[in-house]
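1. Quick one, fold the following:
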Amino acid sequence: MNSVRFFEINSKDGIVEQPNLKIIPLDNLVPHEHFDPQRTLPLYRRMRTSQLFRHPPIVMPLRDSRHLILDGANRAAVLREMGMDH
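-> As a prediction, this is how the structure comes out:
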């Protein structure tokens, strides 16, 4: 599994933290809301045209290997529709 590290400053106490960013299989993602079909088609077209993926879904780990999608249900649905594994 690939990991990317970025730095973040915690404004509360000034401590530098490093979030753990990973590329996760789409099969391990659990949505907390339904995707909006009216938004996914234009998003699908933009992603196919640009061939650039910005703003990946934000997830949090669950107790098993799954991750809950906090933001990005439409993006995750489009990735699945495009046949992506991760």
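2. just for the chain, where's the confidence low?
-> By pLDDT under 70, the low-scoring segments of the chain are 1-17.
3. Could you pick out the longest helix of it?
-> Longest helix in the chain by number of residues (criterion: DSSP state H): helix 37-50.
4. Which neighbouring elements make contact with it?
-> Judged by 3 or more CB pairs under 8 Å, 6 or more residues apart in numbering; DSSP states H and E, helix 37-50 is in contact with helix 73-81. (Each C-beta comes from the backbone N, C-alpha and C, glycine too.)
5. and the angle for the helix it packs on with helix 37-50?
-> Interaxial angle, helix 73-81 versus helix 37-50 (axes from the mean of the first three to the mean of the last three CA atoms, to 10 degrees): 60 degrees.
6. Quick check: buried residues in the longest helix of the chain?
-> For helix 37-50, a neighbour-count test (16 or more other CB atoms under 10 Å) marks Thr40, Leu43, Tyr44, Met47 as buried.
7. how near is the last one to Leu62?
-> According to CB to CB, to the nearest Å, Met47 and Leu62 sit 26 Å apart.
8. Pull the longest helix of the chain out as CSV, backbone CA atoms only.
-> Extracted as CSV, the C-alpha positions of helix 37-50 are listed here (Å, rounded to 0.1, in the frame of the first residue of the first chain):
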residue,chain,number,x,y,z
PRO,A,37,-26.5,10.7,-9.9
GLN,A,38,-27.0,14.3,-11.2
ARG,A,39,-23.6,15.2,-10.0
THR,A,40,-21.7,12.0,-10.9
LEU,A,41,-22.2,12.2,-14.7
PRO,A,42,-20.7,15.7,-15.1
LEU,A,43,-17.9,14.7,-12.7
TYR,A,44,-17.3,11.5,-14.7
ARG,A,45,-17.0,13.6,-17.9
ARG,A,46,-14.6,16.1,-16.3
MET,A,47,-12.4,13.3,-15.0
ARG,A,48,-12.3,11.4,-18.3
THR,A,49,-11.5,14.6,-20.2
SER,A,50,-8.8,16.0,-17.9
